[in-house]
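Novice: what would the 3D arrangement of this be:
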Amino acid sequence: MERTDYIERREDMVSLSAVTFRRYWIARLSDDDYWSVALENNLWLMQQRYHIQANHIVTQLLKLVKEIKAGDVLLLTHPNKTIYAYGYVVKCPFQTDRVSSLSDIISSNRYDYDSGIVCFKDTDVFYEDLRNGVNDWGQRISVDQWHYYSQDSRVLNYGCGYACIKGNARQSIFEVDAGFAKSKMEELEKQYNKKNMFISNIAKLLLSKRNIILQGAPGTGKTYNTAAIALKALGITDTDLTDHTAVMERYNSLLGDQIFFTLKSASNLNGNLNCSKELEHYAS
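Specialist: Coordinates of the predicted model:
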């Protein structure tokens, strides 16, 4: 019988501050259905197995992931050329009796296992989660977390082709120059902090003025921002205020509280084509 134990990632995580040398990788996730899986579980996924995808492509990618080490950085990227977050690679969070060798798989184009959790003796970060079969994007690398994730990120990966130093920039993972990667990591941090600064400043204004109106065209984030501002004003710290889904779920869960805020909406404000979201603070 297969034995699979989950390791608490925080306990087994590599000491990132002790890493003296790290490499940087663009980690593209091209399937929208697995985007939420990557975000919720702090991992990157790919679907590359011999006899399912082209063998020469599988070989190229497996050789690359074999070089990725704990402490390296993955920049999570979508095919829309946007970088959404970055994470520090950690060791495989599973222990399993199913242990294989990437080198042997590459040389033979054959696998030892087609189910369960599979780890590899020649890499401690890359693993396969085949519990739902071989077609379920089972090839994975875990990260400590996706830092500075923003659903509406404006950090673009332009120039990554020139920055590519190993692999193929058209494939799902490739190594990029440290300077390029660090500049994008700084952009993500600045974007995140700017967003949070806006929310913090408006929350302070709400607490003093008791009523604010955000105005803008449909689809520009008024509903999300009003909810985020409300959570910030309440001092709620267990929700990432840049995560649209988490913010709305947390806001809706608190609507029954007596000391809270009401969110009003209006259209065609002042005869314009804009809409508004009004947030009133009823707390005493």
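
Novice: for D177, which non-adjacent residue is spatially closest?
Specialist: In space, and not counting its chain neighbours, D177 is closest to A163: 4.4 Å by Cβ to Cβ, 6 or more residues apart in numbering. C-beta: built from backbone N, CA, C; applies to glycine.

Novice: give the contact list for N252.
Specialist: Under the criterion of Cβ atoms under 8 Å, 6 or more residues apart in numbering, N252 has no contact partners.

Novice: burial measure for the residue nearest to D177, as a count.
Specialist: Counted by other Cβ atoms under 10 Å, the residues lying close to A163 total 21.

Novice: okay, buried residues for the host helix or strand of Y84 please.
Specialist: Under the criterion of DSSP states H and E, Y84 resides in strand 82-88. Buried residues in strand 82-88, counted by 16 or more other Cβ atoms under 10 Å: 83-88.

Novice: now do stretch 166-183
Specialist: Applying 16+ other Cβ under 10 Å to stretch 166-183 flags 167, 171-176, 180-181 as buried.

Novice: what's the answer for stretch 86-102, then?
Specialist: Across stretch 86-102, burial judged by 16+ other Cβ under 10 Å covers 86-94, 96, 98, 100, 102.

Novice: could I get those residues as a markdown table with pLDDT and distance to Y34?
Specialist: Below are these laid out as a markdown table (pLDDT from 0 to 100; distance: Cβ to Cβ, whole Å):
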| residue | pLDDT | distance to Y34 |
| --- | --- | --- |
| Y86 | 96 | 18 |
| G87 | 96 | 16 |
| Y88 | 96 | 21 |
| V89 | 97 | 18 |
| V90 | 96 | 19 |
| K91 | 95 | 22 |
| C92 | 93 | 18 |
| P93 | 91 | 18 |
| F94 | 89 | 18 |
| T96 | 89 | 22 |
| R98 | 95 | 22 |
| S100 | 96 | 23 |
| L102 | 96 | 22 |
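
Novice: among those, which two are most distant?
Specialist: Y86 and R98 (30.0 Å; Cβ to Cβ).

Novice: the helix ranked longest in the chain versus strand 82-88: what angle between them?
Specialist: In the chain, with assignment by DSSP state H, the single longest helix is helix 178-209. In terms of direction (axes from the mean of the first three to the mean of the last three Cα atoms, to 10 degrees), helix 178-209 departs from strand 82-88 by 100 degrees.

Novice: sheet partners, orientation included, of the helix or strand following helix 178-209?
Specialist: The helix or strand immediately downstream of helix 178-209 is strand 211-216, counting by DSSP H and E. Strand 211-216 sits in its sheet next to strand 275-281 (antiparallel), going by DSSP bridges.

Novice: now the strand it pairs with: average pLDDT?
Specialist: Mean per-residue pLDDT for strand 275-281: 55.

Novice: please apply the same query to stretch 207-214.
Specialist: Average pLDDT, stretch 207-214: 78.

Novice: can you tell me the distance between the two ends of it?
Specialist: From its first residue to its last, stretch 207-214 covers 15 Å (Cα to Cα, to the nearest Å).

Novice: measure how far it is from the centre of its chain, please.
Specialist: Distance of stretch 207-214 from the chain centroid (Cα atoms, centre = their mean, to the nearest Å) equals 32 Å.

Novice: one more: stretch 191-201?
Specialist: Distance of stretch 191-201 from its chain centroid, counting by Cα atoms, centre = their mean, is 19 Å.

Novice: my read: R110 touches Y50, true?
Specialist: Yes: R110 sits in contact with Y50 when judged by Cβ atoms under 8 Å, with a separation of 7.0 Å.

Novice: those two: which has the busier surroundings?
Specialist: Ranked by neighbour count (other Cβ under 10 Å), R110 and Y50 place Y50 first, with 17 against 10.

Novice: now that one. Nearest residue, chain neighbours left out?
Specialist: In space, Y50 comes closest to N109 once its chain neighbours are excluded; the distance is 4.6 Å by Cβ to Cβ, 6+ apart.
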